[in-house]
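Participant: With the sequence up front, the predicted model follows.
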Amino acid sequence: MMRDSDVVVVGAGVLGLSAARALAGQGREVVVCEQASVGHGNSGSKGSARIFRLGYDHPGYVRLAMAAQRLWAELEAESGTSLLTTTGQVTFGDDLDVLTTSMDAAGTRYEEMRAGEVASRFPVLEVPGRAVFEPDSGVIAADAVLAALQTGGGFEVRQQTRVVRLEDDGRRVRVVLETDGKEDELRASSVVVCAGPWTGPLVAGSGSGADVGLRSLPTLEQAAYLAPVTGTIDDVPVFVERRHPWFYGLPVHRAGLVKIALHGAGPAVSLHRLTGDGSDGPDAGLVAELSAAAERVLPGLASEPVSTERCLYDNSPDGDFVIDRVGRIVIGSGTSGHGFKFAPLLGQVLADLATGTAPESGLAADIERFRSGRLPSLSDRGGPASHP
């Protein structure tokens, strides 16, 4: 049965739910369509924890993270839920001067640390050289975020509802759905597509001109969870070792474990393979690499994992996001394994694109780098840039 709505959002991951919440806050009628369930096994937003950090090699990203930090605080207040725990972050390895120059340019704080200072303050870490400490970085409770975005959100979420195709005639968008094997339709003034690696194929056939070179480059990453040798993880910070690939970790306090991973080291995966429940077993080679890195860097943790987890990356060719509007289709894609921390901000940007509202003037130039027009000229590197 045909139904009209102001905006349809495709995908109930953190970007889609953030956009839906922002649109509903503007008084729009919003329907979110999710092909599986919120936080499902192949969702890029699943799991318990993500890093929030301000340090990036480009000051535009630092400014965007600072803006997102304020919005995380607002979401916490609105939902009555603790979402962001400040732990600080220790970054070490290559090109630290690039990082500090960027943070200086954006005006966010950090501390320089010598190796001895790191060991004294954070015995869990073994750092051979200098490091940079970000006092305002920390851990986002990812699963709590998905719940908080829906609490009092004022929008409808249809789970187990697959969007078969989009048809943009220049006036409205026809959204063809499939639920329990039966087709249905919605019509909307605009559609926001945040469907991870399924975004490109879906928008390409919409008739809006949205086939903008958005190529799907999904990879299936490997994470592991480690226990402390003794005591608790209360004094464990977020850490990032800048090497190739980057090795990073973050404390998951509810579990009493530390999550570790290699950024962008996982194999490419086809969309056909992602039609299952996300229950792929561990990659033995990557788990071995993680254990070896833990033995080298984390003397305070047992290097044998307590558990493991596969994580889906929706990669753009250059590791930057794709945030744009083409016709009546708004694209939120290419988060490349580092987009979760920006979710409330990117959700607001996507909502503004859907309604034709100008973005916040102070961030407009930084958001411009995410336009889809850059994509055809980019080489397909088959994986993300260095942005954990």
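Facilitator: It's in.

Participant: Now name the helix or strand holding the residue nearest to residue 205 when sequence neighbours are not counted.
Facilitator: Once flanking residues are discounted, residue 205 sits nearest to residue 165: 6.0 Å by CB to CB, 6 or more residues apart in numbering. For every residue, glycine as well, the C-beta is placed using N, CA and C. For residue 165, the host element (DSSP states H and E) is strand 162-168.

Participant: For the worst-scoring helix or strand of the chain on mean pLDDT, which residues meet the burial criterion?
Facilitator: The helix or strand of the chain with the poorest confidence is helix 199-204; it has a mean of 90 (mean pLDDT, DSSP states H and E). Within helix 199-204, the residues that qualify as buried by neighbour count (16 or more other CB atoms under 10 Å) are 199, 200, 202, 203.

Participant: biggest strand in this protein, by residue count?
Facilitator: Assignment by DSSP state E gives strand 182-193 as the longest strand of the chain.

Participant: Quick one: mean pLDDT over it.
Facilitator: Per-region confidence: strand 182-193 scores 95 on mean pLDDT.

Participant: Pairing partners for that strand, with directions?
Facilitator: Sheet pairing of strand 182-193 (DSSP bridges) gives strand 3-10 (parallel), strand 173-179 (antiparallel), strand 329-333 (parallel).

Participant: mind checking which of the ones you listed is nearest residue 282?
Facilitator: Among the strands paired with strand 182-193, the nearest to residue 282 by CB to CB is strand 329-333 (27.3 Å).

Participant: pull the CA atoms of the closest one into CSV?
Facilitator: Extracted in CSV, the C-alpha atoms of strand 329-333 (Å, rounded to 0.1, in the frame of the first residue of the first chain):
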residue,chain,number,x,y,z
ILE,A,329,18.8,11.3,-3.0
VAL,A,330,21.2,12.1,0.0
ILE,A,331,24.2,9.8,0.4
GLY,A,332,25.9,9.0,3.7
SER,A,333,28.5,6.4,2.9
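
Participant: Give me the angle between it and strand 162-168.
Facilitator: 130 degrees (axes from the mean of the first three to the mean of the last three CA atoms, to 10 degrees).

Participant: Residues contacting strand 329-333, please?
Facilitator: Applying CB atoms under 8 Å, 6 or more residues apart in numbering, the contact partners of strand 329-333 are 15-16, 19, 166, 168, 173, 190-196, 199-200, 203, 206, 208, 210, 212, 214, 314, 316, 321-325, 346, 350, 353-354, 372.

Participant: Please compute how far it lies from its chain's middle.
Facilitator: What separates the centre of strand 329-333 from the centre of its chain is 15 Å, taken as CA atoms, centre = their mean, to the nearest Å.

Participant: Show me which residues of stretch 192-211 are buried.
Facilitator: 192-200, 202-203, 206-208, 210.

Participant: quick one: residue 154 and residue 13, what's the gap?
Facilitator: Distance of residue 154 to residue 13, given as CB to CB, to the nearest Å: 19 Å.

Participant: neighbour count winner among these two?
Facilitator: Counted by other CB atoms under 10 Å, residue 154 and residue 13 do not tie: residue 13 has more neighbours, with 27 against 14.

Participant: residue contacts, the closest residue to the more buried one other than its chain neighbours?
Facilitator: Nearest residue to residue 13, sequence neighbours excluded (CB to CB, 6+ apart): residue 45, at 3.9 Å. The contact partners of residue 45, taken as CB under 8 Å, 6+ apart, are 13, 14, 15, 39, 142, 146, 340.

Participant: Which strand or helix spans residue 45?
Facilitator: Per DSSP H and E, there is no helix or strand for residue 45.

Participant: what's the answer for residue 73, then?
Facilitator: helix 59-79.

Participant: Which other helices and strands does that helix contact?
Facilitator: Other elements packing on helix 59-79 under the criterion 3 or more CB pairs under 8 Å, 6 or more residues apart in numbering; DSSP states H and E are strand 49-52, strand 84-86, helix 96-106, helix 142-150, helix 343-355, helix 364-368.

Participant: Of the ones you listed, give the one that comes closest to residue 295.
Facilitator: That would be strand 49-52 among the helices and strands packed on helix 59-79, by CB to CB, at 21.9 Å.

Participant: what mean pLDDT would you report for the closest one?
Facilitator: So the average pLDDT for strand 49-52 ends up being 98.

Participant: Return the alpha-carbon coordinates of it using CSV.
Facilitator: Taking C-alpha atoms only, strand 49-52 is exported to CSV below (Å, rounded to 0.1, in the frame of the first residue of the first chain):
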residue,chain,number,x,y,z
ALA,A,49,32.6,0.1,21.8
ARG,A,50,34.2,2.6,19.4
ILE,A,51,37.0,5.1,19.8
PHE,A,52,36.2,8.8,20.2
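
Participant: All further residue positions should be reported with the first residue as 410.
Facilitator: Taking 410 as the first residue, the last one we looked at is strand 458-461.

Participant: Quick one: list the elements packing against that strand.
Facilitator: Strand 458-461 packs on helix 468-488, strand 547-550, strand 656-661, going by 3+ CB pairs under 8 Å, 6+ apart.

Participant: What are the contacting residues of that strand?
Facilitator: 474, 477-478, 481, 493, 498, 546-551, 647, 649, 657, 659, 661, 668, 749-750, 797.

Participant: Show me which positions of that strand end up buried.
Facilitator: Using 16+ other CB under 10 Å as the test for burial, strand 458-461 gives 458, 459, 460, 461.

Participant: What's opposite the first one in the beta bridge?
Facilitator: This points to residue 458. With DSSP bridges as the criterion, residue 458 is bridged to residue 550.

Participant: returning to that earlier point: same list (the buried residues of helix 608-613) but as JSON lines, adding distance to residue 740.
Facilitator: Below are these laid out as JSON lines (distance: CB to CB, whole Å):
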{"residue": "608", "distance to residue 740": "6"}
{"residue": "609", "distance to residue 740": "9"}
{"residue": "611", "distance to residue 740": "10"}
{"residue": "612", "distance to residue 740": "6"}
